[in-house]
Structure formats: structure tokens, C-alpha cells
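> predicted model, plus sequence, below.
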Amino acid sequence: MTNRYGSVMAAMAGVAVLATASVATATAAQEARPARTAASCGAGIDPNTHIPSGRRHTGPAVRIGGATVQVRYGNARTGAPYYVWAVISGARRGDTVSLEWDVDHGSWADFGVCSGTVHTGGKQNTRAVKYVHGRGWHLEAQACGRHAGRRLCTAYWP
């Protein structure tokens, strides 16, 4: 017959085993991630200086009052990697734009948000993130904006 103290100790030992297994599983999953890294705003580029205007393309758009929020994409030259970013135009000071993206590769997934705030000029874009695709990689992105107290997002691209 086990006393109450023994039952509590056995239950605590079981919890410790489960917690250790969870940490080991999470560590193994991170170590098993593909070597290629996901898109990130930290390494993002300024599309206004990096991507020539003739190589910029438009994706999904949404109107919020007098403002337009849109996904944009492009590359610096033929054969170069594509980048994707978000832009808001017809905006006012303090309006915001963000690029919300997610990338997956098999069982591994990551996501992120790049944001920008309109200061002057009525137009603002986010940093551009590298478009990851092919060989099991898949990236989706949408542009979101806040204007006149409302927040809306475009459909996902591509």
C-alpha cells in the first residue's frame, strides 16, 4: 500500500518524464529543420532601391476607404531571386501596412510580419522578403493595412 506522499511523488516523476520527452522532441524537431532559412524582415531589402520599377509586379489588392493596400513582387534582373513586399497608397500619416507571410517545408513551418508606418507622402512599403519556392518549399504572403480606423488584408499571394 502506497501512502499519499508516495502517490504525489510518483505523479511528479511522471510529469518530469513527459516534460523531458517534450523538450527532447522539440529539440529534435528544430535540429531536423532544413538547412535553408525562411524569409525574414531582418535580412529584407528595400524594394525602392533594390528592384527596378520595370521589374515590379502587382499582386492582390484591397481598398480601405481612400487607401489601397497591395502585395507587390519582383526581382532585380532576369534569373535573380524574387522578393515580395506590401505597399499602402492614398494613406494618411499614422496609417500602417504589413506583409504577413508564412513558409513551409514538409512538417517545418515559419511565419513573420514586416510592417511600416506612413510618415509623409501618403505611401509606404514594407521591407521585401525573399520569395522561397520549389523543392518542397512554399511561401504565401498577404498585405494588410490600417486606414481610417479599419484594418483589412488582401488575399494570399500566390
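Everything's here; your move.

> could you pull out the strands for the chain?
Along the chain, the segments classed as strands by DSSP state E run 56-64, 67-74, 83-89, 96-105, 108-117, 124-125, 129-130, 133-134, 137-147, 150-153.

> point out the most buried one among these.
strand 83-89 (a mean of 26; mean count of other C-beta atoms under 10 Å). The C-beta positions use only the backbone N, C-alpha and C, and glycine is treated the same way.

> can you list the weak-confidence ranges in this protein?
Low-confidence segments of the chain, defined by pLDDT under 70: 1-43, 132-133.

> what about the nearest residue to residue 131 once chain neighbours are set aside, how many neighbours?
Ranked by C-beta to C-beta, 6 or more residues apart in numbering and with sequence neighbours excluded, the top spatial neighbour of residue 131 is residue 82, at 4.0 Å. By the measure other C-beta atoms under 10 Å, the count of residues near residue 82 is 17.

> give the contact list for residue 82.
The contact partners of residue 82, taken as C-beta atoms under 8 Å, 6 or more residues apart in numbering, are 73, 74, 75, 130, 131.

> roughly how far apart are it and residue 136?
17 Å (C-beta to C-beta, to the nearest Å).

> same deal with residue 49?
From residue 49 across to residue 136, the span is 32 Å (C-beta to C-beta).

> more neighbours, those two?
The residue with more neighbours, out of residue 49 and residue 136, is residue 136; 11 against 7, by other C-beta under 10 Å.

> then stretch 126-136 to CSV, C-alphas only?
The C-alpha trace of stretch 126-136 is given here as CSV (Å, rounded to 0.1, in the frame of the first residue of the first chain):
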residue,chain,number,x,y,z
THR,A,126,7.5,47.3,-46.1
ARG,A,127,10.9,45.7,-46.5
ALA,A,128,10.9,42.9,-49.1
VAL,A,129,11.4,39.3,-48.1
LYS,A,130,12.9,36.7,-50.4
TYR,A,131,10.3,34.5,-52.1
VAL,A,132,11.0,30.9,-51.2
HIS,A,133,9.6,28.2,-53.5
GLY,A,134,10.3,24.9,-55.2
ARG,A,135,11.8,21.7,-54.0
GLY,A,136,9.2,21.3,-51.3
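
> what residues does that stretch touch?
Here stretch 126-136 makes contact (C-beta under 8 Å, 6+ apart) with 36, 38-41, 43-47, 50-51, 73, 81-87, 97-99, 101, 103, 105-106, 112, 114-116, 138-139, 141.
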